[in-house]
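Trainee: Any chance you could fold what I've pasted below:
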Amino acid sequence: MTKSLLLATTLLFTACATPDAAAPAASDKAVTSADKFYQSIAALCGRSFAGKIVANTPASAAPDPFEGKALVMHVRDCNENELRIPFHVGDDHSRTWVITRRTDGLRLKHDHRHADGSPDATTMYGGDTRTAGSGRRQEFPVDAESVAMFRAQGMQASLTNTWAMEIQPEQAGVSEFVYELSRPGGRLFRVSFDLTQTVPNPPAPWGASP
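Mentor: The predicted structure follows:
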């Protein structure tokens, strides 16, 4: 075969070969359940929703800080790796849920502030997901740092906390976000937020810019 024929044959096969762009990129990765969950919440960014208590057992002997109060969640600050969701309880603007993406799942922390913006003695507690969960529900068992904080504050009941969040797609007109706290001894607290209609955005949470 002459050199010119060999060169033409090589060019022909090169032109007919499948381009590299058609193959999956080496950096591509599968979308995880945590990714789907995170993206579903991020899609609500900028909006606020009213909630109601759907479980609160056992009943507290002391006045419950949530009962009879207007409950509003505001998906306020969103980026690729962090969501900040203030949870307003009446005129109490001290609570913000902070969801952070991690390489192996999600992290939930509770940012608690005083009205002057200073951190509460018990703040930034929470935990990391330990299982894949699903695109609709993620669970956050208490982490060691939070356990140490609770012990220091004499909050023995909180040492076995597990928090969970759920987001349900609209089915038959029902779409909701749920925040949950549970303990092995039977404690269960759940607030359900109606995602089918928005409410006016509340004031900035304490410690945040307007």
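
Trainee: Quick one: find the helix or strand in this protein with the lowest mean pLDDT.
Mentor: Within the chain, no helix or strand scores below helix 3-16, which has a mean of 39 by mean pLDDT, DSSP states H and E.

Trainee: what number of residues lie near the closest residue to residue 55 other than its chain neighbours?
Mentor: Leaving aside its chain neighbours, residue 55 sits nearest to residue 190 (4.0 Å; criterion: Cβ to Cβ, 6 or more residues apart in numbering). Every residue, glycine included, has its C-beta placed from N, CA and C. Using other Cβ atoms under 10 Å, residue 190 has 18 other residues around it.

Trainee: Without its sequence neighbours, what residue ends up closest to residue 107?
Mentor: residue 100 (4.4 Å).

Trainee: Surely that neighbour is within a helix?
Mentor: No. Applying DSSP: H, G, I helix; E, B strand; the rest coil, one finds residue 100 to be strand, outside a helix.

Trainee: In this structure it contacts residue 109, no?
Mentor: Yes. Here residue 100 reaches residue 109: they are 7.3 Å apart, a contact under Cβ atoms under 8 Å.

Trainee: These two: which is more packed in?
Mentor: Neighbour comparison, residue 100 and residue 109: the larger count goes to residue 109, with 22 against 16 (by other Cβ under 10 Å).

Trainee: where exactly do the helices run in this protein?
Mentor: Assigned helices in the chain, in chain order: 3-16, 33-42, 144-152 (criterion: DSSP state H).

Trainee: contacting residues around the closest residue to residue 195 other than its chain neighbours?
Mentor: Take residue 195 and drop its neighbours on the chain: the residue closest to it by Cβ to Cβ, 6+ apart is residue 175, 4.2 Å away. Shown in contact with residue 175 (Cβ atoms under 8 Å, 6 or more residues apart in numbering): 168, 169, 194, 195, 196.

Trainee: and residue 32, how many neighbours?
Mentor: Neighbour tally, residue 32, other Cβ under 10 Å: 15.

Trainee: Looking at strand pairing, list the partners for the closest residue to residue 57 other than its chain neighbours.
Mentor: Nearest in space to residue 57, with sequence neighbours left out and distances taken as Cβ to Cβ, 6+ apart, is residue 188 at 5.3 Å. In this entry, residue 188 is beta-bridged to residue 57, residue 182, by DSSP bridges.

Trainee: where's residue 188 relative to residue 102, distance?
Mentor: When distance is defined by Cβ to Cβ, to the nearest Å, residue 188 is 26 Å away from residue 102.

Trainee: Who does the residue nearest to residue 120 when sequence neighbours are not counted form a beta bridge with?
Mentor: Leaving aside its sequence neighbours, residue 120 sits nearest to residue 112 (Cβ to Cβ, 6+ apart; 3.8 Å). Beta-bridge pairing of residue 112 under DSSP bridges involves residue 95.
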